[in-house]
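S.K.: Test case, fold it:
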Amino acid sequence: MKNIKKFRYIVTFIILIFLCWMFPYTGDDWAWGSSIGIERLNTWFDNYSGRYVGNLIVLALTRSNLLKTITMAFMLTGIIYFVEKLTRKKWTFYLSILLMIFLPKAVFRQAIVWTSGFSNYVTSVFFTLIYVVYFYKIFEGEKPKQRYLHCIPLGILGVINTLIVEHLTIYNVVMAMGVIIYTFIKYKKIIIQYVMYFIGTIVGTCYMFSNSVYHSISQNADGYRTMSSKGLIGQALINYFDVMYKEMYMNNLVLNGILVIICIILYGYLRKKERKNNLIQGCLWVMTVYEIYAFFSVLGLVETTKGKHLIYLEGVATLISAAAVIIVTVWIGIKLKQWIKIVFSLCSIICLGGPLLEVTPIGSRCFFATYVFFMILICELVRLLPEDCKEKVVGYQFRKVCTCIVLTGMCFYLGIFLSIYKADRHRLNYIECKIAEGEKKIDIIHLPYESYVWTPTPGKGDIWEERYKLFYHLPADIQLNPVWSYTK
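M.R.: Residues are numbered from 1 along each chain as shown. Here you go, the predicted structure:
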(Lines give C-alpha, C1' and ligand atoms only; values in the text may rest on other atoms or scores of the structure.)
Protein backbone atom coordinates (compact mmCIF):
# COMPACT_ATOMS: atom_id res chain seq x y z
CA MET A 1 0.00 0.00 0.00
CA LYS A 2 2.83 2.40 0.83
CA ASN A 3 4.45 1.72 -2.55
CA ILE A 4 1.17 2.45 -4.33
CA LYS A 5 0.82 5.70 -2.38
CA LYS A 6 4.36 6.75 -3.28
CA PHE A 7 3.73 5.85 -6.92
CA ARG A 8 0.63 8.08 -7.02
CA TYR A 9 2.55 11.06 -5.73
CA ILE A 10 5.57 10.44 -7.93
CA VAL A 11 3.34 10.33 -11.02
CA THR A 12 1.54 13.50 -9.89
CA PHE A 13 4.85 15.28 -9.30
CA ILE A 14 6.25 14.26 -12.70
CA ILE A 15 3.14 15.38 -14.60
CA LEU A 16 3.21 18.69 -12.75
CA ILE A 17 6.90 19.08 -13.63
CA PHE A 18 6.00 19.01 -17.32
CA LEU A 19 3.09 21.42 -16.83
CA CYS A 20 4.86 23.94 -14.58
CA TRP A 21 7.89 24.08 -16.86
CA MET A 22 5.66 25.58 -19.55
CA PHE A 23 4.17 28.32 -17.38
CA PRO A 24 5.57 31.58 -18.81
CA TYR A 25 6.94 34.47 -16.80
CA THR A 26 4.43 37.33 -17.08
CA GLY A 27 3.43 40.64 -15.55
CA ASP A 28 5.21 41.43 -12.30
CA ASP A 29 7.50 38.40 -12.82
CA TRP A 30 9.39 40.61 -15.28
CA ALA A 31 9.97 43.14 -12.51
CA TRP A 32 11.01 40.62 -9.86
CA GLY A 33 13.35 38.81 -12.24
CA SER A 34 15.08 41.99 -13.39
CA SER A 35 17.05 44.82 -11.79
CA ILE A 36 13.78 46.10 -10.28
CA GLY A 37 13.66 43.04 -8.02
CA ILE A 38 17.25 43.59 -6.93
CA GLU A 39 16.48 47.25 -6.15
CA ARG A 40 13.57 46.13 -3.96
CA LEU A 41 15.87 43.68 -2.22
CA ASN A 42 18.56 46.32 -1.66
CA THR A 43 16.08 48.47 0.26
CA TRP A 44 14.83 45.32 2.05
CA PHE A 45 11.41 45.94 0.51
CA ASP A 46 10.94 49.15 2.48
CA ASN A 47 7.71 50.90 1.52
CA TYR A 48 6.96 48.05 -0.87
CA SER A 49 5.54 45.19 1.26
CA GLY A 50 6.15 43.23 4.43
CA ARG A 51 5.88 39.93 2.58
CA TYR A 52 9.56 39.28 3.22
CA VAL A 53 9.49 35.51 2.77
CA GLY A 54 7.18 35.70 -0.25
CA ASN A 55 9.37 38.38 -1.80
CA LEU A 56 12.51 36.28 -1.37
CA ILE A 57 10.75 33.28 -2.90
CA VAL A 58 9.63 35.20 -5.98
CA LEU A 59 13.11 36.69 -6.39
CA ALA A 60 14.52 33.16 -6.56
CA LEU A 61 11.79 31.63 -8.74
CA THR A 62 11.96 34.35 -11.39
CA ARG A 63 15.68 33.68 -11.89
CA SER A 64 15.52 29.98 -12.64
CA ASN A 65 12.79 28.22 -14.58
CA LEU A 66 14.09 24.89 -13.25
CA LEU A 67 13.82 26.05 -9.64
CA LYS A 68 10.38 27.52 -10.36
CA THR A 69 9.21 24.29 -11.93
CA ILE A 70 10.42 22.01 -9.13
CA THR A 71 9.06 24.33 -6.43
CA MET A 72 5.63 24.63 -8.05
CA ALA A 73 5.32 20.88 -8.68
CA PHE A 74 6.54 20.01 -5.18
CA MET A 75 4.22 22.41 -3.34
CA LEU A 76 1.13 21.57 -5.39
CA THR A 77 1.78 17.87 -4.83
CA GLY A 78 2.46 18.67 -1.18
CA ILE A 79 -0.90 20.37 -0.70
CA ILE A 80 -2.66 17.25 -2.02
CA TYR A 81 -0.53 15.14 0.31
CA PHE A 82 -1.33 17.30 3.34
CA VAL A 83 -5.06 17.09 2.69
CA GLU A 84 -4.76 13.29 2.52
CA LYS A 85 -2.63 13.35 5.67
CA LEU A 86 -5.45 15.07 7.56
CA THR A 87 -7.96 12.32 6.75
CA ARG A 88 -5.56 9.37 6.41
CA LYS A 89 -7.82 7.85 3.76
CA LYS A 90 -6.58 6.91 0.28
CA TRP A 91 -9.73 8.19 -1.44
CA THR A 92 -8.79 11.69 -0.25
CA PHE A 93 -6.01 11.81 -2.83
CA TYR A 94 -8.45 11.19 -5.66
CA LEU A 95 -11.11 13.54 -4.35
CA SER A 96 -8.72 16.41 -3.60
CA ILE A 97 -6.86 16.13 -6.91
CA LEU A 98 -10.22 16.06 -8.71
CA LEU A 99 -11.22 19.28 -6.95
CA MET A 100 -7.85 20.87 -7.76
CA ILE A 101 -8.20 20.10 -11.47
CA PHE A 102 -11.49 22.03 -11.41
CA LEU A 103 -10.00 25.06 -9.69
CA PRO A 104 -11.70 28.11 -11.27
CA LYS A 105 -9.74 29.49 -14.20
CA ALA A 106 -9.30 32.96 -12.68
CA VAL A 107 -7.77 31.52 -9.50
CA PHE A 108 -5.69 29.06 -11.51
CA ARG A 109 -4.07 31.67 -13.73
CA GLN A 110 -3.34 34.13 -10.92
CA ALA A 111 -2.37 31.82 -8.04
CA ILE A 112 -0.67 28.94 -9.87
CA VAL A 113 0.39 29.86 -13.42
CA TRP A 114 1.63 33.34 -12.49
CA THR A 115 4.92 32.96 -10.61
CA SER A 116 4.44 36.16 -8.58
CA GLY A 117 1.02 34.94 -7.48
CA PHE A 118 2.24 31.42 -6.73
CA SER A 119 5.10 32.74 -4.58
CA ASN A 120 2.61 34.27 -2.15
CA TYR A 121 -0.73 32.55 -2.43
CA VAL A 122 0.26 28.90 -2.87
CA THR A 123 3.40 28.88 -0.74
CA SER A 124 1.51 30.43 2.18
CA VAL A 125 -1.09 27.65 2.05
CA PHE A 126 1.60 24.98 1.77
CA PHE A 127 3.49 26.18 4.85
CA THR A 128 0.28 26.77 6.83
CA LEU A 129 -0.89 23.21 6.18
CA ILE A 130 2.34 21.91 7.70
CA TYR A 131 1.17 23.26 11.04
CA VAL A 132 -2.44 22.16 10.52
CA VAL A 133 -1.23 18.59 9.93
CA TYR A 134 0.97 18.87 13.03
CA PHE A 135 -1.81 19.69 15.50
CA TYR A 136 -4.85 18.18 13.73
CA LYS A 137 -4.89 14.96 15.78
CA ILE A 138 -6.02 16.88 18.85
CA PHE A 139 -9.44 17.07 17.15
CA GLU A 140 -9.55 13.26 17.16
CA GLY A 141 -9.06 12.92 20.90
CA GLU A 142 -5.30 12.30 20.82
CA LYS A 143 -3.84 13.98 23.87
CA PRO A 144 -0.93 16.20 22.84
CA LYS A 145 2.46 15.78 24.50
CA GLN A 146 5.09 18.33 25.35
CA ARG A 147 7.69 18.26 22.56
CA TYR A 148 10.52 20.59 23.54
CA LEU A 149 12.63 19.72 20.50
CA HIS A 150 9.79 20.91 18.26
CA CYS A 151 9.72 24.40 19.77
CA ILE A 152 12.40 26.09 17.67
CA PRO A 153 11.27 24.62 14.30
CA LEU A 154 7.65 25.53 15.04
CA GLY A 155 8.64 29.01 16.17
CA ILE A 156 10.49 29.51 12.87
CA LEU A 157 7.51 28.11 10.96
CA GLY A 158 5.24 30.60 12.75
CA VAL A 159 7.48 33.46 11.60
CA ILE A 160 7.56 32.15 8.02
CA ASN A 161 3.78 31.75 7.85
CA THR A 162 3.23 35.38 8.80
CA LEU A 163 5.68 36.85 6.29
CA ILE A 164 4.15 35.71 3.00
CA VAL A 165 0.71 37.27 2.49
CA GLU A 166 -1.39 39.40 4.82
CA HIS A 167 -4.66 37.48 5.16
CA LEU A 168 -2.70 34.27 5.88
CA THR A 169 -0.74 36.27 8.46
CA ILE A 170 -3.93 37.14 10.32
CA TYR A 171 -5.24 33.60 9.93
CA ASN A 172 -2.11 32.02 11.39
CA VAL A 173 -2.23 34.24 14.47
CA VAL A 174 -5.90 33.44 15.07
CA MET A 175 -5.37 29.72 14.38
CA ALA A 176 -2.36 29.54 16.70
CA MET A 177 -4.29 31.16 19.54
CA GLY A 178 -7.31 28.94 18.86
CA VAL A 179 -5.20 25.77 19.12
CA ILE A 180 -3.80 26.86 22.49
CA ILE A 181 -7.26 27.68 23.84
CA TYR A 182 -8.76 24.42 22.52
CA THR A 183 -6.04 22.24 24.06
CA PHE A 184 -6.37 24.03 27.38
CA ILE A 185 -10.15 23.58 27.49
CA LYS A 186 -10.12 20.03 26.12
CA TYR A 187 -7.02 18.60 27.82
CA LYS A 188 -6.35 21.11 30.62
CA LYS A 189 -2.81 21.60 29.32
CA ILE A 190 -0.68 24.34 27.83
CA ILE A 191 1.49 22.71 25.16
CA ILE A 192 4.86 24.40 24.87
CA GLN A 193 5.36 23.84 21.13
CA TYR A 194 1.94 25.35 20.38
CA VAL A 195 2.89 28.38 22.45
CA MET A 196 6.17 28.71 20.54
CA TYR A 197 4.35 28.61 17.22
CA PHE A 198 2.03 31.36 18.48
CA ILE A 199 5.01 33.45 19.61
CA GLY A 200 6.53 32.95 16.17
CA THR A 201 3.37 34.25 14.51
CA ILE A 202 3.34 37.31 16.75
CA VAL A 203 6.99 38.06 15.96
CA GLY A 204 6.38 37.61 12.23
CA THR A 205 3.22 39.72 12.26
CA CYS A 206 4.93 42.58 14.08
CA TYR A 207 7.82 42.43 11.65
CA MET A 208 5.55 42.34 8.59
CA PHE A 209 3.43 45.30 9.61
CA SER A 210 6.45 47.33 10.74
CA ASN A 211 7.15 47.89 7.04
CA SER A 212 6.46 51.54 6.22
CA VAL A 213 4.15 50.60 3.34
CA TYR A 214 1.33 49.69 5.71
CA HIS A 215 1.37 53.17 7.20
CA SER A 216 1.04 54.53 3.67
CA ILE A 217 -1.82 52.12 2.97
CA SER A 218 -3.62 53.10 6.17
CA GLN A 219 -3.34 56.75 5.12
CA ASN A 220 -4.50 55.92 1.56
CA ALA A 221 -1.17 57.28 0.34
CA ASP A 222 0.11 54.13 -1.37
CA GLY A 223 -1.37 54.82 -4.80
CA TYR A 224 -2.21 51.14 -5.35
CA ARG A 225 -3.44 49.53 -2.13
CA THR A 226 -5.97 51.19 0.14
CA MET A 227 -8.01 50.41 3.23
CA SER A 228 -11.62 51.30 3.92
CA SER A 229 -11.81 54.34 1.67
CA LYS A 230 -15.61 54.08 1.83
CA GLY A 231 -15.77 53.30 5.54
CA LEU A 232 -15.70 49.82 7.04
CA ILE A 233 -19.21 48.82 6.01
CA GLY A 234 -19.11 50.60 2.67
CA GLN A 235 -15.80 49.04 1.64
CA ALA A 236 -16.95 45.61 2.78
CA LEU A 237 -20.09 45.85 0.64
CA ILE A 238 -18.11 47.00 -2.39
CA ASN A 239 -15.55 44.21 -2.07
CA TYR A 240 -18.20 41.60 -1.46
CA PHE A 241 -20.44 42.45 -4.40
CA ASP A 242 -17.61 43.34 -6.78
CA VAL A 243 -15.39 40.33 -6.18
CA MET A 244 -15.88 38.11 -3.18
CA TYR A 245 -19.25 36.43 -3.68
CA LYS A 246 -18.13 35.18 -7.10
CA GLU A 247 -14.49 34.33 -6.46
CA MET A 248 -14.87 32.86 -2.99
CA TYR A 249 -18.05 30.85 -3.53
CA MET A 250 -20.15 31.03 -6.69
CA ASN A 251 -17.41 30.20 -9.21
CA ASN A 252 -16.51 26.97 -7.39
CA LEU A 253 -19.00 25.00 -9.45
CA VAL A 254 -17.67 21.46 -9.12
CA LEU A 255 -16.59 21.92 -5.50
CA ASN A 256 -20.01 23.27 -4.50
CA GLY A 257 -21.79 20.57 -6.47
CA ILE A 258 -19.91 17.81 -4.63
CA LEU A 259 -20.54 19.58 -1.32
CA VAL A 260 -24.30 19.61 -1.97
CA ILE A 261 -24.35 15.95 -3.01
CA ILE A 262 -22.42 14.80 0.08
CA CYS A 263 -24.68 16.83 2.39
CA ILE A 264 -27.79 15.33 0.80
CA ILE A 265 -26.40 11.80 1.19
CA LEU A 266 -25.48 12.42 4.83
CA TYR A 267 -28.91 13.88 5.58
CA GLY A 268 -30.55 10.85 3.97
CA TYR A 269 -28.45 8.58 6.19
CA LEU A 270 -29.36 10.53 9.34
CA ARG A 271 -33.01 10.75 8.26
CA LYS A 272 -33.29 6.98 8.72
CA LYS A 273 -32.42 7.37 12.39
CA GLU A 274 -34.23 10.60 13.24
CA ARG A 275 -37.40 12.40 12.41
CA LYS A 276 -37.67 14.85 9.56
CA ASN A 277 -35.89 18.18 10.07
CA ASN A 278 -37.63 20.93 8.13
CA LEU A 279 -34.83 23.46 8.66
CA ILE A 280 -32.15 21.16 7.27
CA GLN A 281 -34.33 20.10 4.35
CA GLY A 282 -35.01 23.74 3.55
CA CYS A 283 -31.30 24.52 3.66
CA LEU A 284 -30.54 21.62 1.32
CA TRP A 285 -33.12 22.96 -1.14
CA VAL A 286 -31.49 26.39 -0.96
CA MET A 287 -28.04 24.90 -1.61
CA THR A 288 -29.32 22.81 -4.53
CA VAL A 289 -31.24 25.62 -6.24
CA TYR A 290 -28.31 28.00 -5.79
CA GLU A 291 -25.90 25.49 -7.31
CA ILE A 292 -28.13 24.97 -10.34
CA TYR A 293 -28.41 28.72 -10.83
CA ALA A 294 -24.64 29.15 -10.42
CA PHE A 295 -24.00 26.78 -13.33
CA PHE A 296 -26.16 28.93 -15.58
CA SER A 297 -24.66 32.18 -14.28
CA VAL A 298 -20.98 31.22 -14.35
CA LEU A 299 -21.06 29.26 -17.60
CA GLY A 300 -23.75 31.20 -19.42
CA LEU A 301 -23.11 34.85 -18.58
CA VAL A 302 -20.14 37.05 -19.28
CA GLU A 303 -19.43 39.05 -16.12
CA THR A 304 -19.40 42.38 -17.89
CA THR A 305 -22.95 41.83 -19.10
CA LYS A 306 -24.38 41.39 -15.62
CA GLY A 307 -26.54 44.28 -14.54
CA LYS A 308 -26.26 45.89 -11.14
CA HIS A 309 -29.53 44.40 -9.90
CA LEU A 310 -28.50 40.89 -10.96
CA ILE A 311 -25.18 41.27 -9.13
CA TYR A 312 -26.98 42.34 -5.95
CA LEU A 313 -29.43 39.45 -6.29
CA GLU A 314 -26.61 36.95 -6.74
CA GLY A 315 -24.67 38.41 -3.83
CA VAL A 316 -27.62 38.11 -1.45
CA ALA A 317 -28.40 34.60 -2.73
CA THR A 318 -24.78 33.65 -2.08
CA LEU A 319 -25.03 34.80 1.54
CA ILE A 320 -28.19 32.76 2.00
CA SER A 321 -26.62 29.67 0.43
CA ALA A 322 -23.44 30.06 2.49
CA ALA A 323 -25.55 30.32 5.66
CA ALA A 324 -27.36 27.14 4.60
CA VAL A 325 -24.02 25.36 4.15
CA ILE A 326 -22.93 26.39 7.65
CA ILE A 327 -26.20 25.25 9.22
CA VAL A 328 -26.26 21.89 7.41
CA THR A 329 -22.59 20.98 7.89
CA VAL A 330 -22.52 21.95 11.58
CA TRP A 331 -25.78 20.04 12.17
CA ILE A 332 -24.30 16.96 10.49
CA GLY A 333 -21.10 17.30 12.51
CA ILE A 334 -23.02 17.54 15.79
CA LYS A 335 -25.23 14.57 14.97
CA LEU A 336 -22.24 12.41 14.07
CA LYS A 337 -20.11 13.74 16.94
CA GLN A 338 -17.43 15.18 14.67
CA TRP A 339 -18.42 18.84 14.80
CA ILE A 340 -15.02 20.27 15.77
CA LYS A 341 -13.36 19.46 12.44
CA ILE A 342 -16.32 20.87 10.53
CA VAL A 343 -16.27 24.04 12.61
CA PHE A 344 -12.49 24.35 12.16
CA SER A 345 -12.80 24.21 8.36
CA LEU A 346 -15.70 26.69 8.32
CA CYS A 347 -13.95 29.10 10.68
CA SER A 348 -10.80 28.87 8.58
CA ILE A 349 -12.73 29.83 5.44
CA ILE A 350 -14.39 32.76 7.21
CA CYS A 351 -11.14 33.94 8.82
CA LEU A 352 -9.28 33.78 5.50
CA GLY A 353 -12.00 35.67 3.66
CA GLY A 354 -12.84 38.24 6.32
CA PRO A 355 -9.78 40.52 5.97
CA LEU A 356 -10.37 40.77 2.22
CA LEU A 357 -13.52 42.77 2.88
CA GLU A 358 -11.50 45.80 3.91
CA VAL A 359 -8.61 46.08 1.44
CA THR A 360 -8.26 47.01 -2.20
CA PRO A 361 -7.47 45.74 -4.66
CA ILE A 362 -8.27 42.04 -4.22
CA GLY A 363 -7.89 39.48 -7.00
CA SER A 364 -8.85 35.91 -7.72
CA ARG A 365 -5.51 34.70 -6.35
CA CYS A 366 -6.58 35.69 -2.84
CA PHE A 367 -9.14 32.87 -2.78
CA PHE A 368 -6.86 29.91 -3.37
CA ALA A 369 -6.58 29.44 0.41
CA THR A 370 -10.35 29.41 0.96
CA TYR A 371 -10.70 26.90 -1.89
CA VAL A 372 -8.26 24.53 -0.19
CA PHE A 373 -10.13 24.71 3.11
CA PHE A 374 -13.39 24.03 1.26
CA MET A 375 -11.63 20.89 -0.02
CA ILE A 376 -10.76 19.93 3.56
CA LEU A 377 -14.38 20.52 4.61
CA ILE A 378 -15.66 18.20 1.88
CA CYS A 379 -13.13 15.49 2.76
CA GLU A 380 -14.18 15.65 6.41
CA LEU A 381 -17.83 15.32 5.42
CA VAL A 382 -17.06 12.29 3.26
CA ARG A 383 -15.31 10.71 6.24
CA LEU A 384 -18.62 10.84 8.09
CA LEU A 385 -20.39 8.61 5.56
CA PRO A 386 -21.20 5.10 6.81
CA GLU A 387 -18.77 2.49 5.52
CA ASP A 388 -21.21 0.76 3.17
CA CYS A 389 -22.24 4.08 1.67
CA LYS A 390 -18.64 5.34 1.54
CA GLU A 391 -17.64 2.40 -0.64
CA LYS A 392 -20.34 3.35 -3.14
CA VAL A 393 -19.49 7.06 -3.09
CA VAL A 394 -15.66 7.06 -3.00
CA GLY A 395 -14.87 3.41 -3.65
CA TYR A 396 -12.98 1.71 -6.45
CA GLN A 397 -15.25 2.94 -9.25
CA PHE A 398 -14.99 6.52 -7.99
CA ARG A 399 -11.20 6.30 -7.99
CA LYS A 400 -11.19 5.02 -11.57
CA VAL A 401 -13.48 7.83 -12.72
CA CYS A 402 -11.36 10.42 -10.88
CA THR A 403 -8.19 9.09 -12.47
CA CYS A 404 -9.76 9.29 -15.92
CA ILE A 405 -11.05 12.84 -15.37
CA VAL A 406 -7.79 14.10 -13.88
CA LEU A 407 -5.60 12.59 -16.61
CA THR A 408 -7.91 14.03 -19.27
CA GLY A 409 -7.80 17.42 -17.57
CA MET A 410 -4.02 17.33 -17.35
CA CYS A 411 -3.80 16.46 -21.06
CA PHE A 412 -6.02 19.47 -21.74
CA TYR A 413 -3.79 21.78 -19.70
CA LEU A 414 -0.61 20.33 -21.19
CA GLY A 415 -1.98 21.08 -24.67
CA ILE A 416 -2.93 24.62 -23.71
CA PHE A 417 0.39 25.48 -22.09
CA LEU A 418 2.49 23.74 -24.72
CA SER A 419 1.00 26.18 -27.24
CA ILE A 420 1.62 29.09 -24.88
CA TYR A 421 5.19 27.99 -24.16
CA LYS A 422 6.09 27.62 -27.84
CA ALA A 423 4.53 31.01 -28.71
CA ASP A 424 6.34 32.68 -25.80
CA ARG A 425 9.70 31.26 -26.93
CA HIS A 426 9.01 32.16 -30.57
CA ARG A 427 7.99 35.70 -29.59
CA LEU A 428 11.28 36.34 -27.79
CA ASN A 429 13.33 34.81 -30.62
CA TYR A 430 11.50 36.99 -33.12
CA ILE A 431 12.28 40.14 -31.11
CA GLU A 432 15.95 39.21 -30.81
CA CYS A 433 16.19 38.56 -34.56
CA LYS A 434 14.65 41.97 -35.33
CA ILE A 435 17.04 43.65 -32.91
CA ALA A 436 19.95 41.96 -34.67
CA GLU A 437 18.60 43.38 -37.94
CA GLY A 438 18.71 46.87 -36.43
CA GLU A 439 14.95 47.46 -36.14
CA LYS A 440 13.65 49.73 -33.38
CA LYS A 441 9.89 49.20 -33.78
CA ILE A 442 9.07 45.53 -33.36
CA ASP A 443 5.78 43.68 -33.34
CA ILE A 444 5.20 41.48 -30.31
CA ILE A 445 2.53 38.85 -30.80
CA HIS A 446 -0.14 38.03 -28.24
CA LEU A 447 0.09 34.57 -26.70
CA PRO A 448 -2.59 31.98 -27.48
CA TYR A 449 -5.15 31.17 -24.76
CA GLU A 450 -4.37 34.39 -22.91
CA SER A 451 -7.31 33.83 -20.55
CA TYR A 452 -5.15 31.15 -18.88
CA VAL A 453 -2.26 33.56 -18.24
CA TRP A 454 -2.11 36.73 -16.14
CA THR A 455 -0.90 39.90 -17.99
CA PRO A 456 0.96 37.90 -20.66
CA THR A 457 1.61 40.63 -23.25
CA PRO A 458 3.18 44.04 -22.61
CA GLY A 459 1.33 46.98 -24.14
CA LYS A 460 2.86 49.68 -26.25
CA GLY A 461 4.56 52.21 -23.96
CA ASP A 462 3.13 50.82 -20.71
CA ILE A 463 4.96 49.77 -17.55
CA TRP A 464 4.94 46.12 -18.64
CA GLU A 465 6.89 46.96 -21.79
CA GLU A 466 9.66 48.48 -19.69
CA ARG A 467 9.75 45.48 -17.37
CA TYR A 468 9.63 42.97 -20.21
CA LYS A 469 12.69 44.59 -21.78
CA LEU A 470 14.53 44.63 -18.45
CA PHE A 471 13.72 40.98 -17.77
CA TYR A 472 14.94 39.75 -21.15
CA HIS A 473 17.85 42.25 -21.34
CA LEU A 474 16.47 43.94 -24.45
CA PRO A 475 17.60 47.45 -25.52
CA ALA A 476 15.63 50.19 -23.78
CA ASP A 477 15.19 52.23 -26.96
CA ILE A 478 13.18 49.65 -28.93
CA GLN A 479 9.40 49.92 -29.14
CA LEU A 480 7.21 46.84 -28.81
CA ASN A 481 3.88 46.86 -30.61
CA PRO A 482 1.43 44.11 -29.51
CA VAL A 483 -0.36 42.44 -32.44
CA TRP A 484 -2.43 39.31 -32.92
CA SER A 485 -0.49 38.15 -35.97
CA TYR A 486 2.68 39.22 -37.71
CA THR A 487 2.21 41.11 -40.96
CA LYS A 488 5.41 39.80 -42.49
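
S.K.: Only C-alpha atoms from now on, for both contacts and neighbour counts.
M.R.: OK.

S.K.: and Ile442, what helix or strand is that in?
M.R.: With elements taken from DSSP states H and E, the one containing Ile442 is strand 441-445.

S.K.: Which elements pack onto that strand?
M.R.: Strand 441-445 makes packing contacts with helix 396-436, strand 479-483 when contacts are defined by 3 or more Cα pairs under 8 Å, 6 or more residues apart in numbering; DSSP states H and E.

S.K.: helix or strand right after that strand?
M.R.: Tracing the chain past strand 441-445, the next element assigned as helix or strand by DSSP H and E is helix 463-471.

S.K.: list the buried ones in that next one?
M.R.: Of the residues in helix 463-471, those buried by neighbour count under the rule 16 or more other Cα atoms under 10 Å are 464-471.

S.K.: Could you pull up the mean pLDDT of it?
M.R.: Per-residue confidence for helix 463-471 averages out to 95 on the pLDDT scale.

S.K.: just the angle between it and strand 479-483, please?
M.R.: 120 degrees (axes from the mean of the first three to the mean of the last three Cα atoms, to 10 degrees).

S.K.: which residues sit against helix 463-471?
M.R.: 27-28, 30-31, 33-35, 457-459, 475-476, 480 (Cα atoms under 8 Å, 6 or more residues apart in numbering).

S.K.: repeat for stretch 404-415
M.R.: Among residues not part of stretch 404-415, those counted as contacts by Cα under 8 Å, 6+ apart are 15, 18-19, 97-98, 101.

S.K.: same deal with stretch 156-168?
M.R.: Outside of stretch 156-168, the residues that reach it under the criterion Cα under 8 Å, 6+ apart are 50-55, 120-121, 123-125, 127-128, 131, 169-170, 172-173, 197-205, 208, 352-353, 355-356.

S.K.: now do the same end-to-end measure for it.
M.R.: Between the opening and closing residues of stretch 156-168 there is a gap of 16 Å (Cα to Cα, to the nearest Å).

S.K.: if I read this right, Pro456 contacts Asp29, doesn't it?
M.R.: No. Taking Cα atoms under 8 Å as the contact criterion, Pro456 and Asp29 are not neighbours in contact, 10.2 Å apart.

S.K.: between the two, who's got more neighbours?
M.R.: Neighbours around Pro456 and Asp29, counted as other Cα atoms under 10 Å, are more numerous at Asp29. The numbers are 25 against 21.

S.K.: In contact with that one, which residues are there?
M.R.: Neighbour list for Asp29: 58, 62, 114-116 [criterion: Cα under 8 Å, 6+ apart].

S.K.: Now name the helix or strand holding the residue lying closest to Met72 once chain neighbours are set aside.
M.R.: The spatially closest residue to Met72, leaving aside those adjacent along the chain, is Cys20, at 6.6 Å (Cα to Cα, 6 or more residues apart in numbering). Taking DSSP H and E as the definition, Cys20 sits inside helix 2-21.

S.K.: After that helix, which helix or strand is next?
M.R.: Beyond helix 2-21 in the direction of the C-terminus, DSSP H and E gives the next helix or strand as helix 29-32.

S.K.: Beyond that following helix, next helix or strand please.
M.R.: Using DSSP H and E, the next helix or strand after helix 29-32 towards the C-terminus is helix 35-42.

S.K.: who touches that following helix?
M.R.: Helix 35-42 is touched from outside by 31-32, 46, 48, 59, 470-471, with contacts defined as Cα under 8 Å, 6+ apart.

S.K.: now those: which count as buried?
M.R.: Using 16+ other Cα under 10 Å as the burial test, these include 31-32, 59, 470-471 as buried.

S.K.: Return the member of these nearest to Thr92.
M.R.: Nearest to Thr92 among these is Leu59, at 33.8 Å by Cα to Cα.

S.K.: Tell me the secondary structure of the closest one, please.
M.R.: In three-state terms, and counting by DSSP: H, G, I helix; E, B strand; the rest coil, Leu59 is helix.
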